[in-house]
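**Student:** only the shape, not the letters, is given here:
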């Protein structure tokens, strides 16, 4: 466990000393802030209309759910920038040989890098909570849908990180790793759209494979074990592939 935390700490510090890490954090905060402002403006308009005779407007359903839904799409585009350097940069600089010959196992290396990337991703989500805090200061939203929504974002991002680690471990080029991770994330996003071209059984399978379809219930405040199991399975699958890839690299070396 000590080796895992040492590697995770090194990886996490690497994100904050790298300009790319701050660029990703700035972009994520900027995009999240834009969608937060857009949904807030629309929510205020709906609230004013409701005071003039319309029905009551729920801040969780009318705003927070939409903001977190947009955040899940932003993550698909930005997370490849987090994972692309994890192994590709080590291979390019030649430090991967030092890591593989150090007294740590492949599992410790993979879990350490995974926790480091997840830690940085958690910091990104933490920045966005400043926007959500405004709603609690001036409004009265329900806490549970916000908590489950962020849990869904965390699991969704962790899935993409695990897959991104595997892709990064297969190449020396960061750009190739980032582009390939983005393509995989995009496919996992739009795969459910293909269901309309097939029968109901195939459509149901494709819908289940979609990484964003499982997020919807989290944004509603519902924790379904089916969705949690999907995310945990993808994380485990991605880490398994990464361990095998690192083990292959060790034997090649």
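**Tutor:** Structure's in. What do you need? If you're wondering where the values come from, they're calculated on a predicted model, not measured in any experiment. Numbers count the residues shown, from 1 in each chain.
**Student:** quick one: what helix or strand has the residue nearest the centre of the chain in it?
**Tutor:** Geometric centre of the chain, nearest residue: residue 157, 1.5 Å, by C-alpha atoms, centre = their mean. Using DSSP states H and E, residue 157 falls within helix 143-168.
**Student:** separation between residue 157 and residue 114?
**Tutor:** According to C-beta to C-beta, to the nearest Å, residue 157 stands 12 Å off from residue 114. In short, each C-beta sits where N, CA and C put it, glycine included.
**Student:** same deal with residue 135?
**Tutor:** Counting by C-beta to C-beta, the gap from residue 135 to residue 114 is 32 Å.
**Student:** of those two, who's got more company?
**Tutor:** residue 114 (25 against 19; other C-beta atoms under 10 Å).
**Student:** can you tell me the SS state at that one?
**Tutor:** What DSSP: H, G, I helix; E, B strand; the rest coil gives for residue 114 is helix.
**Student:** from what I can see it touches residue 239, true?
**Tutor:** Yes - contact criterion C-beta atoms under 8 Å: residue 114 and residue 239 qualify, at 6.2 Å.
**Student:** what touches both of those two?
**Tutor:** Here residue 114 and residue 239 have 162, 165 as joint contacts, going by C-beta atoms under 8 Å, 6 or more residues apart in numbering.
**Student:** coming back round to it: which strands or helices does the helix or strand that the helix holding residue 157 is followed by pack on?
**Tutor:** Per DSSP H and E, the first helix or strand lying C-terminal to helix 143-168 is helix 174-190. When contacts are defined as 3 or more C-beta pairs under 8 Å, 6 or more residues apart in numbering; DSSP states H and E, helix 174-190 sits against helix 65-83, helix 88-93, helix 143-168.
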